[in-house]
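Visitor: coordinates only, no sequence provided:
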């Protein structure tokens, strides 16, 4: 069942099986706060098994663009359009969050972003291929992030 992420009262609901559930919940809340403040959009997540289309979309782009297959179990997904961008998120049990930002206009910004929850190691699938910058967050502690530009059409 979909639910709006509350960034004022951070909850691990839906993420309990993660070994870094608290940090992942903070990361998810950090994203919710960003979209609420910038776009007045309520960030809503759905259990991954209830929205296979969003999971398949993100998985297909990772595979086609960089031959990346994430081994961790997907827990939740989110998909929405805001300000000419199609956004898709997957939150994984390992503490990894992946987002796809796809500009709908020709020549729009298109990228895949990776964020690592505080306390998790860099996943094998990403180690050596990406450098991760650190960012401090009141909700999520230290977030490590990286990205790549999408070349194909999706």
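Guide: Looks like it arrived, so ask away. Computed from a predicted structure; not experimentally measured.
Visitor: could you list the low-confidence segments of this protein?
Guide: Along the chain, no part satisfies pLDDT under 70.
Visitor: would you map the strands across it?
Guide: For the chain, the strands defined by DSSP state E occupy 3-4, 44-47, 74-82, 85-92, 96-103, 110-116, 133-137, 141-149.
Visitor: so for residue 23, which of those strands sits nearest?
Guide: strand 141-149 (6.0 Å; CB to CB). In this view, the C-beta of every residue, glycine as well, is placed from N, C-alpha and C.
Visitor: what's in contact with the closest one?
Guide: Applying CB atoms under 8 Å, 6 or more residues apart in numbering, the set of residues contacting strand 141-149 from outside is 23, 26-27, 30, 65-66, 110-119, 122, 126, 130-137.
Visitor: for the nearest residue to residue 70 once chain neighbours are set aside, give me its contacts.
Guide: Leaving aside its chain neighbours, residue 70 sits nearest to residue 125 (5.8 Å; criterion: CB to CB, 6 or more residues apart in numbering). Contact analysis of residue 125 by CB under 8 Å, 6+ apart lists 68, 69, 70, 71.
Visitor: among these, which pair sits farthest apart?
Guide: 68 and 71 (10.2 Å).
Visitor: higher neighbour count, the two?
Guide: For residue 68 and residue 71, the more surrounded residue by other CB atoms under 10 Å is residue 68, and the numbers stand at 19 against 9.
Visitor: endpoints of stretch 92-112, how far apart?
Guide: By CA to CA, to the nearest Å, the extent of stretch 92-112 from end to end equals 15 Å.
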